[in-house]
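K.L.:
What follows is a predicted structure for the sequence shown.
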Amino acid sequence: MPPDALALIRRAKAEKAKQSTADVTPPPPLPCPAFAKTPPLPPPLPSPPLVPSIYVIPDFVSQEDEELLLAHIAAAPPERWTGGRPGRRTANWGGLPGKVGVVEPLPAWISALVDALVRSGAWPVDVVGGPPNHCLINEYEAGAGLTPHTDGVMYAPHVCTLSLGSDVVLDLHLPSAAKDADASAQPHASLLLRRRSLNVYAGPAYSELFHGIAPRAEDVVREGIVNLTQDDERGEVIPRRRRWSIVFVHKLGASYGGAAA
Ligand SMILES: O=C(O)CCC(=O)C(=O)O
Ligand SMILES: [Fe+2]
């Protein structure tokens, strides 16, 4: 081989090595959202029967913080995500839902949100028995639904859910109706979850009601939605967009890296 061909090969190899080092250099970490103005927990919603202990806090996070949260979600490694259901995929932090021992602490950007939940009163650590130790993120394609379900006995009966990216109507079903219901069944009551709002449900609302999302391209602001305010225009049609929900729970008997207590 002529000497200049050898030199060319060496240079190409060196370039390739440089390139692969560049590929594995991680991008600079995204800043944590500030959550500077999270509003306090309002009184529970005035309830029809069997919908006590439900709160919806509008504008829980600012637009800037929503953008940062979505950037963090977009930066999550693909292996975090599990799919399978049409139109929805989920990612978990703090160990897998079925594993009682929490095998990882929450990352800084999620911990910052946990601190905001505790500060605002939405997560009463003493009542729940500890801070949130598991975080689940759902990503819904526009119009996708969620079968009515309860979150189960593995968690303390207190959940906070932050809605991002789109407004959606969440339906609440009585257990008797929910047993055979699909997501499109007539609900007992509904909540309008605006983007950036926080939804809290606890106690009987956690244990006794099923919650689900009907698959549909748009929601209509209507009676039967129990958290409407004077500002919500009755009859307004709200097209669904891609939506993310960040769900915080406290897995019972869990400890970082340890076995079940
Ligand atoms: O997306 C939502 O608001 C509800 C999510 C939910 O119920 C769940 O992940 O268990
Ligand atoms: Fe749920």
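P.N.:
Right, received. Where do you want to start? Ligands and ions are numbered 1, 2, ... in the order given.
K.L.:
what sits against Pro40?
P.N.:
Going by C-beta atoms under 8 Å, 6 or more residues apart in numbering, Pro40 touches Ser120, Gly121. C-beta: built from backbone N, CA, C; applies to glycine.
K.L.:
sec struct for it, please.
P.N.:
What DSSP: H, G, I helix; E, B strand; the rest coil gives for Pro40 is coil.
K.L.:
For Val200, see how far away it is.
P.N.:
Distance, Pro40 to Val200, by C-beta to C-beta, to the nearest Å: 12 Å.
K.L.:
same check, this time on Ser176
P.N.:
From Ser176 to Val200 the distance is 25 Å (C-beta to C-beta).
K.L.:
Report the buried residues of stretch 218-226.
P.N.:
By 16 or more other C-beta atoms under 10 Å, the buried positions in stretch 218-226 come out as Asp219, Val221, Ile225, Val226.
K.L.:
before we move on, what about stretch 89-97?
P.N.:
Arg89, Thr90, Ala91, Asn92, Trp93, Gly94, Gly95.
K.L.:
which residues sit in contact with the residue of the stretch 1-150 of the chain found nearest ligand 1?
P.N.:
Nearest to ligand 1 in the stretch 1-150 of the chain, going by C-beta to the nearest ligand atom, is Asn138, at a distance of 4.7 Å. Residues near Asn138 by C-beta under 8 Å, 6+ apart: Arg88, Arg89, Thr90, Leu146, Trp244, Ser245, Val247.
K.L.:
So it: helix, strand or coil?
P.N.:
Assigned by three-state DSSP, the conformation of Asn138 is strand.
K.L.:
Gly94 contacts Leu106, doesn't it?
P.N.:
Yes - applying C-beta atoms under 8 Å, one finds Gly94 in contact with Leu106, separated by 5.5 Å.
K.L.:
Which residues are in contact with each of these two?
P.N.:
Pro132, Asn133, Cys135.
K.L.:
Just send those back as TSV, with neighbour count and distance to ligand 1 too.
P.N.:
Shown next, in TSV, are the shared contacts of Gly94 and Leu106 (neighbours: other C-beta atoms under 10 Å; distance: C-beta to the nearest ligand atom, whole Å):
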residue	neighbour count	distance to ligand 1
Pro132	26	13
Asn133	23	16
Cys135	21	11
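K.L.:
tell me the strands in the stretch 51-200 of the chain, going along the chain?
P.N.:
For the stretch 51-200 of the chain, the strands defined by DSSP state E, counting those that start in this stretch occupy 54-57, 81-85, 88-93, 134-140, 146-149, 158-164, 168-173, 189-193, 198-202.
K.L.:
Please report the distance of Arg234 from ligand 1.
P.N.:
Computed as C-beta to the nearest ligand atom, to the nearest Å, the Arg234 to ligand 1 distance reads 23 Å.
K.L.:
pLDDT score for the residue lying closest to that residue once chain neighbours are set aside?
P.N.:
Nearest residue to Arg234 in three dimensions, chain neighbours excluded: Val221, at 5.8 Å (C-beta to C-beta, 6 or more residues apart in numbering). Among the per-residue scores, Val221 shows a pLDDT of 97.
K.L.:
Which residues of this protein lie near ligand 1?
P.N.:
Residues of the chain found near ligand 1 (C-beta under 6 Å from any ligand atom) are Leu136, Asn138, Leu146, Asp151, Thr161, Leu170, His211, Ser245, Val247.
K.L.:
In the stretch 101-250 of the chain, where is pLDDT below threshold?
P.N.:
Residue ranges of the stretch 101-250 of the chain with pLDDT under 70: 102-103, 178-181, 183.
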